[in-house]
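Trainee: pasting the structure only:
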């Protein structure tokens, strides 16, 4: 008896639940189908935009990496000189000559033959040339950084 009541109760609940969801008319179905197609087109467009944004982000990251390499080189180059000494008009040619190998290895990361060429001109016996190379390397790096930022 309890079993029949339970089965009857479950049938009544199923009937009530099924009546809560009205059936769709043909027009409603067609409208839903159109909406789904429109949403799918929007999703595809957003996917294309996402791909474009990711490509742009990758390009920006590559540029930033190159700029970072130039900045690292500049920091290492400028660190060879004492700022107080430069303000007093004293250039430390020996310090620059001693750092030449480290600067060359850092310049290899830049994959820029011009900087390597400039560093090759560092000569502790030729102070004026070494000073010119120092400032030329700084100028060259700054121009490259500026071109990457444009």
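Mentor: Noted; the coordinates are in hand. Just so it is clear, the structure is predicted and the values come from calculations on it, not from any experiment.

Trainee: tell me which other helices or strands the strand or helix carrying residue 60 touches.
Mentor: Using DSSP states H and E, residue 60 falls within helix 26-78. In terms of contact count using 3 or more CB pairs under 8 Å, 6 or more residues apart in numbering; DSSP states H and E, helix 26-78 is assigned the packing partners helix 100-110, helix 127-149. (Each C-beta comes from the backbone N, C-alpha and C, glycine too.)

Trainee: angle of that helix against helix 127-149?
Mentor: Taking axes from the mean of the first three to the mean of the last three CA atoms, to 10 degrees, one finds helix 26-78 and helix 127-149 inclined to each other by 170 degrees.

Trainee: so for helix 26-78, mean pLDDT?
Mentor: For helix 26-78, the mean per-residue pLDDT is 91.

Trainee: before we move on, back to that, compare the helices and strands packed on helix 26-78 and say which comes out lowest on pLDDT.
Mentor: Looking at the helices and strands packed on helix 26-78, the bottom one is helix 100-110 with a mean of 88.

Trainee: so which bits of that helix are buried?
Mentor: Neighbour-count burial for helix 100-110 flags 100, 103, 106-107, 110 (criterion: 16 or more other CB atoms under 10 Å).

Trainee: including distance to residue 82, could those residues go into JSON lines?
Mentor: JSON lines is the format used below for those (distance: CB to CB, whole Å):
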{"residue": "100", "distance to residue 82": "17"}
{"residue": "103", "distance to residue 82": "17"}
{"residue": "106", "distance to residue 82": "20"}
{"residue": "107", "distance to residue 82": "22"}
{"residue": "110", "distance to residue 82": "25"}
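
Trainee: just give me the closest of those residues to residue 123.
Mentor: residue 100 (9.6 Å; CB to CB).

Trainee: what's the local residue count around the closest residue to the closest one other than its chain neighbours?
Mentor: By the measure of CB to CB, 6 or more residues apart in numbering, the closest residue to residue 100 outside its immediate chain neighbours is residue 122, 5.1 Å from it. Neighbour count for residue 122, taken as other CB atoms under 10 Å: 22.

Trainee: list the contacts of residue 122.
Mentor: Residue 122 is in contact with 96-97, 100, 130, 133, counting by CB atoms under 8 Å, 6 or more residues apart in numbering.
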